[in-house]
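Asks: Output the structure for:
(2 chains)
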Amino acid sequence: MIVLDRLTKSFGAKQVLRGVSLEVPDGQNTVIIGASGVGKSVTLKLIVGLIEPDAGAVLVDGAVVHELDRRALAELRGRIGYVFQFAALFDSMTVAENIRLGLVKRGYDEGVIRERVEESLAVVELPGLEDKYPAELSGGMRKRVGIARAIALKPRYILYDEPTTGLDPVTSAVMDQLMIRTRDLGVTGLVVTHDMRSAFSVGDRIAMLYEGSIRQVGTVTEIQATEDPVVRQFIEGRPGSPAPAPAWRFE
Amino acid sequence: MSPSVASRIAARDGFVAHVGRRSLETARALADVGTWGPLLVGQMRRLGVDSVPIALFIAVFTGIVLSLLSSYIFTGTVPLYFVGALVGKTVMMELGPVLTGMALAGRVGASIAAEIGTMKVTEQVDALETLAYDRNSYLVVPRVLAATLMFPVVTAFAMAVGVAAGWVTAINLLDLSTPEFLKGLKQFYRFKDIWFGLVKSASFGGAVALMGCLRGLDAKAGAEGVGLSTTRAVVLGCEAILVLDAFWALVLL
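Replies: Numbers count the residues shown, from 1 in each chain, chains lettered A, B, ... in the order given. Take a look at the predicted model:
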């Protein structure tokens, strides 16, 4: 299980996270929603140790991420797949080489690597693209290759950073199906998005990040029925200020 | 001291500490041979072999100019066979390594900074890390090692071509024969001239590649950020070459 425990993080004078606490239960897709620039991607980067928190901690399977040494961190990253917002495919490599890279690092033999590459491309419904370069693919295809690269490692967790941003509705729906299928394969997903249609579609639980902390966590039904004016405004996509918020907060 | 000067000195101190820290991280990553080993030959070809044409182009014209210039200086004062000595000494000890280093600082330093900078701003460096690769082992070490190993090779070619260009110029455009040119070349030649030049160029290669990697990894988001990193990498690479040139002159001569 992934646990975020009172995470705070600042960049210069700007405090992005102000005590974020959240549990990501195993076997489910948890979705973090929130406005652009609220710290959703920062939260994901804290989970894989790409950046360190100023205070608080991320615990993955009980281990405090920022206290891990280089070797232990590499081992932890072997359990976590990361799907980047713009796919972050290595543009000097073919699709197959992109997927192979993580497998090579883990020392799999050539037969297993070839099998995993084919298998993961089949899961994202892009067979036969092994020899294409990222520049030859559409945005949606690149994101699916990003997912293939993550699932090829058979991770326990996958972190999705804005998986549907910039995609057409049909491709977005395909991405949603992939995230659901991946969860059904037993992989725990943590999705950050501001696409509410996608959040309601793939999420088992939804947490809203607002002004540096978690405003509300609940099931899809609970979030859809929320009375919190800030959450309501966000999920309905209404401009302007929310109605005055009650003093209490959901958990 | 004015506040602006003080802040610039502080910034420079910060940068030196940053370079020191990154250099230590790179040294630590040397142990990860399994990661950088397979990438080394490709980088040697890219940074070294592909740089030979530009290095030779510079060497040819350096040899020509040195030959003509020394003839102009020596005519009427010093025997003209000294042209061979001056061309040989200068190309091997100074202009060969430094001009080749400067040219490669532009070509190699800029290419490394632009490539790694683009990888940084498009999150490819982060992606590498999430695949359990160490950025220093995968990106920095193979480039720094390749440049350190290949700059002397490229410089050796440049030395040979520079001296040959000086010789061809001397026998065709000056009143000098091949035996006279060779007499000057041999009379003052010492084996140290060559290895001094090659040791310097190895250090230039390491410095240029390291600056390119550091600036690339520090690139800020956007095309402007990558452009700025590339420019800084070239400027820092050239500065490093000049500082190292003075250092080796103090230490080895």
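Asks: Look up how far chain B lies from the nearest residue to A:Leu17 once chain neighbours are set aside.
Replies: Here the nearest residue to A:Leu17 in space, its sequence neighbours aside, is A:Lys9; by Cβ to Cβ, 6 or more residues apart in numbering or on different chains that works out to 4.4 Å. (C-beta placed from N, C-alpha, C; glycine too.) Separation of A:Lys9 from chain B (Cβ to the nearest Cβ, to the nearest Å): 16 Å.
Asks: what secondary structure does the residue nearest the centre of chain B sit in?
Replies: The residue lying closest to the centre of chain B (Cα atoms, centre = their mean) is B:Gly101, at 2.6 Å. Using DSSP: H, G, I helix; E, B strand; the rest coil, the structure places B:Gly101 in helix.
Asks: Kindly report the same for the one 5 residues further on.
Replies: On the three-state scheme (three-state DSSP), B:Gly106 is labelled helix.
Asks: Can you check which helix is longest in the chain?
Replies: Just going to use chain A. Using DSSP state H to define each element, chain A has its longest helix at helix A:169-184.
Asks: my bad, the chain I had in mind was chain B
Replies: Max-length helix for chain B by DSSP H is helix B:141-173.
Asks: how many neighbours does the closest residue to A:Gly78 other than its chain neighbours have?
Replies: Closest residue to A:Gly78 apart from its sequence neighbours, by Cβ to Cβ, 6+ apart: B:Ala132 at 5.5 Å. Neighbour count of B:Ala132, defined by other Cβ atoms under 10 Å in any protein chain shown: 21.
Asks: if I read this right, B:Ala132 contacts A:Gly81, doesn't it?
Replies: No: with contacts defined as Cβ atoms under 8 Å, B:Ala132 does not count as touching A:Gly81, sitting 11.3 Å away.
Asks: Could I get the full set of helices for the stretch 1-150 of chain A?
Replies: Remark: helices assigned in the stretch 1-150 of chain A by DSSP state H, counting those that start in this stretch are A:40-47, A:70-77, A:95-105, A:110-123, A:139-151.
Asks: Let me see the contact set for residue 146.
Replies: Looking at chain A here, since you left the chain open. With contacts defined as Cβ atoms under 8 Å, 6 or more residues apart in numbering or on different chains, A:Gly146 is in contact with A:Val83, A:Phe84, A:Ala87, A:Ala88, A:Leu89.
Asks: um, chain B though
Replies: Contacts for B:Ala146 (Cβ under 8 Å, 6+ apart) come out as B:Leu40, B:Gln43, B:Met44, B:Arg46, B:Leu47, B:Gly48, B:Ala209.
Asks: Name the member of those with the most neighbours.
Replies: For the contacts of B:Ala146, counting by other Cβ under 10 Å, the largest number of neighbours falls to B:Ala209: 32 neighbours.
Asks: Now do the contacts for the residue nearest to the centre of chain B.
Replies: B:Gly101 neighbours (Cβ under 8 Å, 6+ apart): B:Phe151, B:Thr155, B:Lys200, B:Ser201, B:Phe204, B:Gly205, B:Val208, B:Ile241.
Asks: Likewise for A:Thr226?
Replies: Counting by Cβ under 8 Å, 6+ apart, the residues that A:Thr226 touches are A:Gln216, A:Gly218, A:Arg232, A:Ile235, A:Phe250.
Asks: How about A:Tyr210?
Replies: A:Gly34, A:Ala35, A:Val38, A:Val230, A:Val231, A:Phe234 are the contacts of A:Tyr210 under Cβ under 8 Å, 6+ apart.
Asks: who in the stretch 101-250 of chain B is up against chain A?
Replies: B:119, B:122-124, B:126-134 (Cβ under 8 Å from any Cβ of the partner chain).
Asks: go with 7 Å
Replies: Proximity of the stretch 101-250 of chain B to chain A, by Cβ under 7 Å from any Cβ of the partner chain, involves residues B:Thr122, B:Glu123, B:Gln124, B:Asp126, B:Ala127, B:Glu129, B:Thr130, B:Leu131, B:Ala132, B:Tyr133.
Asks: neighbours around A:Arg144, how many?
Replies: If you count neighbours by other Cβ under 10 Å, A:Arg144 ends up with 27.
Asks: now chain A, which segments are flagged as low pLDDT?
Replies: Counting by pLDDT under 70, chain A contains low-confidence ranges at A:241-251.
Asks: my bad, should have said the stretch 101-250 of chain B
Replies: If you take pLDDT under 70 as the line, the stretch 101-250 of chain B has no such spans.
Asks: coming back round to it: nearest to B:Leu86, of the contacts of A:Tyr210?
Replies: A:Val38 (67.7 Å; Cβ to Cβ).
Asks: That closest one and A:Ala207, how far apart?
Replies: Applying Cβ to Cβ, to the nearest Å, the value for A:Val38 to A:Ala207 is 12 Å.
Asks: got the contact list for stretch A:120-128?
Replies: Stretch A:120-128 is contacted from outside by A:Ile99, A:Leu129, A:Glu130, A:Met141, A:Arg144, A:Val145, A:Ile147, A:Ala148, A:Ile151, A:Ala152, A:Leu178, using Cβ atoms under 7 Å, 6 or more residues apart in numbering or on different chains.
Asks: okay, the residues you listed in TSV with distance to chain B next?
Replies: Below are these laid out as TSV (distance: Cβ to the nearest Cβ, whole Å):
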residue	distance to chain B
A:Ile99	10
A:Leu129	18
A:Glu130	18
A:Met141	17
A:Arg144	15
A:Val145	12
A:Ile147	13
A:Ala148	13
A:Ile151	13
A:Ala152	10
A:Leu178	18
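Asks: Farthest-apart pair in the residues you listed, please.
Replies: Greatest spatial distance among those (Cβ to Cβ): A:Glu130 and A:Leu178, at 18.6 Å.
Asks: Just want to know which of the two has more residues nearby.
Replies: A:Leu178 (22 against 17).
Asks: I'd guessed the more buried one sits against A:Ile147; true?
Replies: Yes: the pair A:Leu178 / A:Ile147 is scored as a contact, 5.7 Å apart, by Cβ atoms under 7 Å.
Asks: State the distance from the closest residue to chain B within the stretch 101-250 of chain A to A:Pro155.
Replies: Nearest to chain B, among the residues of the stretch 101-250 of chain A, is A:Gly102, at 3.9 Å (Cβ to the nearest Cβ). Distance of A:Gly102 to A:Pro155, given as Cβ to Cβ: 9 Å.
Asks: got it, and B:Leu128?
Replies: B:Leu128 is 16 Å from A:Pro155, by Cβ to Cβ.
Asks: do B:Tyr133 as well
Replies: Distance of B:Tyr133 to A:Pro155, given as Cβ to Cβ: 16 Å.
Asks: Repeat that for B:Thr231.
Replies: Counting by Cβ to Cβ, the gap from B:Thr231 to A:Pro155 is 39 Å.
Asks: where exactly do the helices run in chain B?
Replies: Secondary structure of chain B (DSSP H): helices located at B:3-29, B:33-47, B:52-74, B:82-90, B:96-104, B:110-121, B:124-130, B:135, B:141-173, B:178-187, B:191-217, B:223-252.
Asks: Return the most buried member of the ones you listed.
Replies: Highest mean neighbour count among the helices of chain B (mean count of other Cβ atoms under 10 Å in any protein chain shown): helix B:96-104, with a mean of 26.
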